[in-house]
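Engineer: Show me how the following folds:
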Amino acid sequence: MANVWVRILIGGLAMLAAVGYKNYRDLAAPGKRPDLDNNAYWGPKTKEPYKENKAILPYDISVKQELIEDLKAQLSRPSKAQPPLEGVGFQYGFNSQELAKVVKYWRDSYLAKWSEREQFLKRLDHYQTEIQGLKIHFIHAKPKEAKGKKVLPLLLMHGWPGTVREFYDFIPLLTTPSDKSDYVFEVIAPSLPGYGWSQGSSKTGFGVAQVAVVMRNLMVRLGFQKFLVQGGDWGSLIGSNLAGLFPEHVLGYHSNMCGNNSPMGSLKLVLSSFFPSWFIDSQYVDYYKGLGHFWATIMEEMGYAHIQASKPDTIGNALIDNPAGLAAYILEKFSTWTNLKFRDLPDGGLTKRFTYDQLLDNVMIYYVTNSITTSMRLYSESMNKAQFALEVDRLPILAKSGCTRFAHEIVHAPDSVLANKFPNLVHSTHYPDGGHFPAFELPQQMYEDFIAFVKKANFS
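Structural biologist: Sure thing, here's the model as predicted:
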């Protein structure tokens with residue numbers, strides 16, 4: 001009788017092992033490319049059949065003086081902001097005493113030299129073209145001279161609440177020949193659709209996968225059949241979608257916010273919290289703080305994402321005619337996302353890494369283009385059942401990839417978690433400084449990491 005029970009036990013264990021192995025294979029299996037329409041129309045309703053205007057034209061980002069005068073008037077209104085609680089810095093959000101300083105500087109100093117700031121923003125070449133019904137703005141920066149270097153095209157993408165302003169110190173490093181690299185780069189830095197000078201979609205269903213199609217079509221329109229991709233925040237997700245959907249176009253992918261939202265990646269992320277030594281190199285253990293820290297951060301710092309994923313127009317409409325509120329909403333992220341410890345400071349540590357001029361340049365792009373609402377809609381269009389059902393996250397990125405981590409980024413993913421998403425990860429780095437906006441905060445460090453990736457990838 002005992003032998004019978006032993007056989008039943010062995011059979012049961014074998015069955016469990018078989019089921020477990022099948023589930024593991026299902027989790028690890030790469031996904032199939034979804035059937036996306038590469039020419040879908042996202043513009044407003046038209047009476048006539050749509051015909052795309054393929055012209056690539058210089059774009060003037062000049063701002064009318066009456067808009068600046070109206071902004072001055074709005075910033076001159078008496079503030080009714082409540083004082084912060086005693087002993088509170090940025091833990092409750094943007095400190096109203098710091099906001100008063102920002103508004104005063106914006107009104108009395110920054111706008112007084114607006115022509116100077118506008119010329120600064122114009123120092124890079126701006127263009128516009130129409131893609132799938134949307135007028136897409138982009139910066140096109142070419143090397144003035146290659147000096148024998150190989151020129152590689154690079155699609156450089158920002159996220160929220162950033163803009164192309166993040167890249168103004170980074171782009172010149174990329175386009176200038178250096179003894180540190182055999183390569184120099186021709187940079188295309190678009191304003192994401194709905195951000196800054198790029199038109200937002202008039203239709204629902206325009207999530208990260210659809211934006212990736214628009215970005216691919218932009219690069220092809222400009223004559224680049226193969227190119228590099230770099231991005232953080234939404235730029236990272238759009239870039240990984242683009243690399244997964246169009247591997248024939250992407251030479252290499254580099255990000256300062258690599259992630260893996262595939263089923264296998266999510267499972268490994270959970271397991272790495274309980275068994276860190278199995279997944280994390282001991283020398284980098286301080287970068288990976290486990291699920292407890294992750295969920296605490298979600299609860300404390302991601303409320304904005306919930307409202308933008310569910311009711312973007314509500315918060316957008318509240319900010320449209322409220323420049324001080326717009327500044328508070330945007331700049332709070334440049335405090336906490338640069339370093340969470342800055343929450344404890346009464347000024348949020350804003351000027352520890354940035355100047356008011358830099359930060360207000362970024363706010364102004366949202367303000368003068370009235371794009372805060374359309375920018376936030378990307379959350380609602382990307383965080384829904386229809387977008388998740390595409391399962392683009394299950395597509396592996398076959399291109400040579402590089403992932404860099406700056407210490408004060410809110411969350412990191414170790415290489416073991418990234419493995420099935422990035423089977424050709426040739427470059428992985430950790431830096432003891434820097435946060436969510438490294439191209440803005442530490443452009444030289446970001447440049448050196450990027451060219452180190454390109455060297456390892458050897459795009460000869």
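Engineer: quick one: T369 from Y59, how far?
Structural biologist: Going from T369 to Y59 by C-beta to C-beta, to the nearest Å gives 12 Å. Heads up, the C-betas are built off the backbone N, CA and C, glycines and all.
Engineer: which residues are in contact with both of those two?
Structural biologist: Contact criterion C-beta atoms under 8 Å, 6 or more residues apart in numbering; residues shared by T369 and Y59: W197.
Engineer: which of the two has more neighbours?
Structural biologist: More neighbours surround T369 than the other of T369 and Y59, with 21 against 17 (other C-beta atoms under 10 Å).
Engineer: which residues touch the more buried one?
Structural biologist: T369 is in contact with 196-197, counting by C-beta under 8 Å, 6+ apart.
Engineer: Could you pull up the residues touching the most centrally placed residue in the chain?
Structural biologist: Computing the C-alpha centroid of the chain and ranking residues by C-alpha atoms, centre = their mean puts D233 first, at 2.2 Å. Going by C-beta under 8 Å, 6+ apart, D233 touches 158-160, 162, 257, 436.
Engineer: which stretches of the stretch 251-400 of the chain form helices?
Structural biologist: Remark: helices assigned in the stretch 251-400 of the chain by DSSP state H, counting those that start in this stretch are 263-274, 276-279, 290-301, 303-310, 312-320, 323-336, 350-353, 356-369, 372-382, 385-389.
Engineer: Need the ones you listed in TSV (columns: distance to L251 and mean pLDDT).
Structural biologist: Listed next are these as TSV, based on distance: least, C-beta to C-beta, whole Å; pLDDT from 0 to 100:
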stretch	distance to L251	mean pLDDT
helix 263-274	23	86
helix 276-279	29	80
helix 290-301	33	84
helix 303-310	31	96
helix 312-320	34	97
helix 323-336	31	98
helix 350-353	31	97
helix 356-369	29	98
helix 372-382	25	98
helix 385-389	26	95
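Engineer: Tabulate those (a markdown table), appending distance to Q444.
Structural biologist: Shown next, in a markdown table, are the helices of the stretch 251-400 of the chain (distance: least, C-beta to C-beta, whole Å):
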| stretch | distance to Q444 |
| --- | --- |
| helix 263-274 | 31 |
| helix 276-279 | 31 |
| helix 290-301 | 28 |
| helix 303-310 | 30 |
| helix 312-320 | 33 |
| helix 323-336 | 19 |
| helix 350-353 | 13 |
| helix 356-369 | 15 |
| helix 372-382 | 28 |
| helix 385-389 | 36 |
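Engineer: Indicate which one of those is closest to F227.
Structural biologist: Nearest to F227 among those is helix 372-382; the distance by C-beta to C-beta comes to 22.2 Å.
Engineer: Off-centre distance for that closest one?
Structural biologist: The chain centre lies 13 Å from the centre of helix 372-382; the measure is C-alpha atoms, centre = their mean, to the nearest Å.
Engineer: Outside of it itself, list whatever touches it.
Structural biologist: Applying C-beta under 8 Å, 6+ apart, the set of residues contacting helix 372-382 is 160-161, 192-195, 200-201, 204-208, 210-211, 234, 237, 305, 308-310, 312-313, 315-317, 319-320, 326, 329-330, 366, 387.
Engineer: Only whichever of the residues you listed are buried, select them in PyMOL.
Structural biologist: PyMOL command restricting the contacts of helix 372-382 to the buried ones, with burial defined by 16 or more other C-beta atoms under 10 Å:
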select buried, resi 160+161+192+193+194+195+200+201+206+207+208+210+211+234+237+308+309+312+315+316+319+326+329+330+366+387
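Engineer: Tell me which helix or strand F138 sits in.
Structural biologist: If you go by DSSP states H and E, F138 is part of strand 134-141.
Engineer: mind listing what that strand pairs with, with the direction of each?
Structural biologist: The strands beside strand 134-141 in its sheet (DSSP bridges) come out as strand 126-131 (antiparallel), strand 183-190 (antiparallel).
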